[in-house]
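In: Any chance you can model this:
(chains A and B)
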Amino acid sequence: MIPADGSTVAADITTGRRRYHRGVPETTPPVTEQLIHARGLTKCFGSFTAVNGIDFDVAPGEAFGFLGPNGAGKTSTMRMIGTVSPVTSGELTVFGLDPAQHGARIRARLGVVPQADTLDSELSVLENLLTYGRYFDLSWAESRRRAKELLEFVQLSERSDDRVEPLSGGMKRRLVIARSLINEPSLLLLDEPTTGLDPQARHLVWDRLYRLKQRGVTLCLTTHYMDEAEQLCDRLVVMDQARIVAEGSPRQLIDRYVTREVLELRFRRADDETDDSSYLDGRLEGLAERIEQLPDRVLVYTEDGEAAAATAYERGLRPASVLVRRSSLEDVFLRLTGRSLVD
Amino acid sequence: MTITGLRRARPGAIASRRSLHVLEHDLLVFRRGWYSYLLSGLSQPFLYLVSMGIGLGLYVNRNGGVPGGVPYLDYIAPALLVTQAMMAGAFEAAWPIMGKIHWDKTYFAALNTPIGALDLLVGDLMWIGFRATLLSVLFLVVIVLLGAAASPLVVLAVPVAVLTALAFAAPIMAFAATQTGDGGFTALFRFGITPMFLFSGTFFPIERLPLFLQPLAWITPLYHGVAAARSLALGQVDPVGLTVHVAALVAVALAGLWAGRITFRRRLVV
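Out: Numbering: from 1, shown residues only, chains lettered A, B, ... in the order given. Coordinates of the predicted model:
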């Protein structure tokens, strides 16, 4: 069902467009180059604004990410794209279609991996896929054929007749991914695909998503894991408090918002010491363009970590441990969204 | 291939087809436990009819019987057939529906496909109708086996029972879509369904109720279901009365469907 090379899916996308052109009156908005196109997209729940006028585009074949803390508006955005949540205001097209008018038609071409698994515990693994195929109006035979292939793809063939409940979290997640692929979607929406999974399970999921991407499936995902965004996303936006605060490739964002390296100095301090800065005594001043102080350590953002560490020693600082590392998306994230805990 | 659903995307034309897929899902679940349905579907009517119709009926018949002089078993059998369908309809529309919305959230999985909120409502209502049909047919078999059918028209008590089940299921589904816990259902069954079961002319004519309570019985859908089924089973059909009863049931079912359309959308499309 999933073509071996990317070309077929690309062809599917174009065929889809042609069909859409043929069957739809001129009232529909024109097809854009983008699979998803949003301008000033806003979602309100009563007086609460979950998404506040965001702009973004997702091109065919791209892996696009929404990165942000809990409550930033990622899920609301995904639900609007998935046409299951009405847009409050602004512009949104998916496959060039208006979700308000063509919801079912858009959903027919979408794969969705929701945050909660929403598997049917009364059915077996295989039956979960079969009914889902039927929801897409596939024949029983075709559903069965695709379901078997997909179970192979997510390495669940041996569990095909088991109930869903005894499956591990990682297996359930893989099953949900298989379910989302039953209609051979050209666009896959994944809302926190690996949250709560152990490292092995996460890597397996990443591997499968990477394969899909290679086959030309457009991925659109939300995450609050930096490594996930770095692994999977060609391009991402950082969301915070219902707005987009930055956009670019992982590398671009790191270049733009943080330095090349980070020097981490960890100090051993007496428990009763309350004043955070006293132990530094101003000795790091001018050492780097940005210095961030945490309760137990100091982060020095610099182009050359080793040199900064040497300077700190010269100035008489004696940290308990020193670590020089490349800066990561996590530094960007914390810089942009702050360190305060979001519940 | 990718866009299988696309060509048939005319909303009106596809609505019924999509809701059939929802029904199929329920049948797939049913396939796993059909034998237990079958077993309870046969044993329940047998127990009720033997204990109440024959056991209790012995005393009723000996003490003057019910109006019209029919044996108590014949009197009570069509009523129990209808109440069992009602119970099934009411139950299936309550907890399982809220579960699909609130506990397992499987409705939300379906909504990520071309299936819409109305398809879920109609599809699951059809499932409840199917279940009620199955139970009622089994009940009818027991009635016939016990020789409690006075008229061949008793066969038509089955559609009446199914209609009664739907008249309960539709509004309760609408109600279920507004609930986030099962407290509402407990109250509904304790103060609504159970009293109705006892006082809607099931076990004794509503003319025995205090005068001020009788109009209350008329407005309960169960009364209409019981009265219609009984007139058919006893072969004492009054065409006008039967029409009124059936019309009342259809009206309640449609009103429930209309309400469900609103509450399902409100709950599922946010």
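In: Going by C-alpha atoms from here, please, whenever you check contacts or count neighbours.
Out: Will do.
In: what sits against the closest residue to chain B within chain A?
Out: Taking CA to the nearest CA, chain B has its nearest neighbour within chain A at A:A104, 4.3 Å off. The contact partners of A:A104, by CA atoms under 8 Å, 6 or more residues apart in numbering or on different chains, come to B:9, B:113-116.
In: send the alpha carbons of stretch A:36-55 over as CSV?
Out: What follows is stretch A:36-55, C-alpha atoms only, in CSV (Å, rounded to 0.1, in the frame of the first residue of the first chain):
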residue,chain,number,x,y,z
ILE,A,36,-1.6,23.4,4.4
HIS,A,37,-2.0,27.1,4.2
ALA,A,38,-2.9,29.3,7.3
ARG,A,39,-3.1,33.0,7.7
GLY,A,40,-4.2,34.7,10.9
LEU,A,41,-5.6,31.3,12.1
THR,A,42,-7.4,31.7,15.4
LYS,A,43,-9.2,29.4,17.7
CYS,A,44,-11.2,30.6,20.7
PHE,A,45,-13.0,28.6,23.3
GLY,A,46,-15.4,31.1,24.9
SER,A,47,-13.2,33.9,26.1
PHE,A,48,-10.0,31.8,26.0
THR,A,49,-7.8,32.1,23.0
ALA,A,50,-6.0,28.9,22.2
VAL,A,51,-4.5,29.9,18.9
ASN,A,52,-4.0,33.6,18.3
GLY,A,53,-3.6,34.6,14.6
ILE,A,54,-0.9,32.3,13.4
ASP,A,55,0.6,32.1,9.8
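In: Give the buried residues for it.
Out: For stretch A:36-55, burial by neighbour count (16 or more other CA atoms under 10 Å in any protein chain shown) applies to A:36-38, A:41-44, A:50-55.
In: same deal with stretch B:207-222?
Out: Neighbour-count burial for stretch B:207-222, counted by 16+ other CA under 10 Å, picks out B:214, B:217-218, B:220-222.
In: Stretch A:319-338 now?
Out: A:319, A:322, A:324, A:326-333, A:336-337.
In: could you measure B:G69 against B:F130, distance?
Out: Going from B:G69 to B:F130 by CA to CA, to the nearest Å gives 35 Å.
In: Which one of those two is surrounded by more residues?
Out: Between B:G69 and B:F130, counting by other CA atoms under 10 Å in any protein chain shown, B:F130 is the more crowded of the two (16 against 10).
In: low pLDDT regions in the stretch 1-150 of chain A?
Out: Applying pLDDT under 70 to the stretch 1-150 of chain A flags residues A:1-32.
In: Run through the residues of it sitting next to chain B.
Out: Counting by CA under 8 Å from any CA of the partner chain, the residues of the stretch 1-150 of chain A close to chain B are A:12, A:16, A:23, A:82, A:84-86, A:103-105, A:107-112, A:114, A:118-123, A:127, A:131-132, A:134-138.
In: what helices or strands is the one helix or strand B:H245 maps to leaning on?
Out: Assigned by DSSP states H and E, B:H245 belongs to helix B:239-268. Other helices and strands packing on helix B:239-268, by 3 or more CA pairs under 8 Å, 6 or more residues apart in numbering or on different chains; DSSP states H and E, are helix B:117-145, helix B:157-176, helix B:221-233.
In: Between the ones you listed, which one is closest to chain A.
Out: Per CA to the nearest CA, nearest to chain A of these: helix B:117-145, 10.0 Å.
In: Just the buried ones from the contacts of A:A104?
Out: Using 16+ other CA under 10 Å as the burial test, those include B:9, B:113-116 as buried.
In: mind putting those residues in TSV, distance to chain A and secondary structure included?
Out: Converted to TSV, these look like this (distance: CA to the nearest CA, whole Å; DSSP: H, G, I helix; E, B strand; the rest coil):
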residue	distance to chain A	secondary structure
B:A9	6	coil
B:T113	5	coil
B:P114	4	coil
B:I115	6	coil
B:G116	8	coil
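In: Lowest pLDDT pick from these?
Out: Lowest pLDDT within those is found at B:A9 (44).
In: Tell me the secondary structure at A:L190.
Out: strand (DSSP: H, G, I helix; E, B strand; the rest coil).
In: Quick check: it touching A:C220?
Out: Yes - with contacts counted by CA atoms under 8 Å, A:L190 reaches A:C220, the gap being 6.2 Å.
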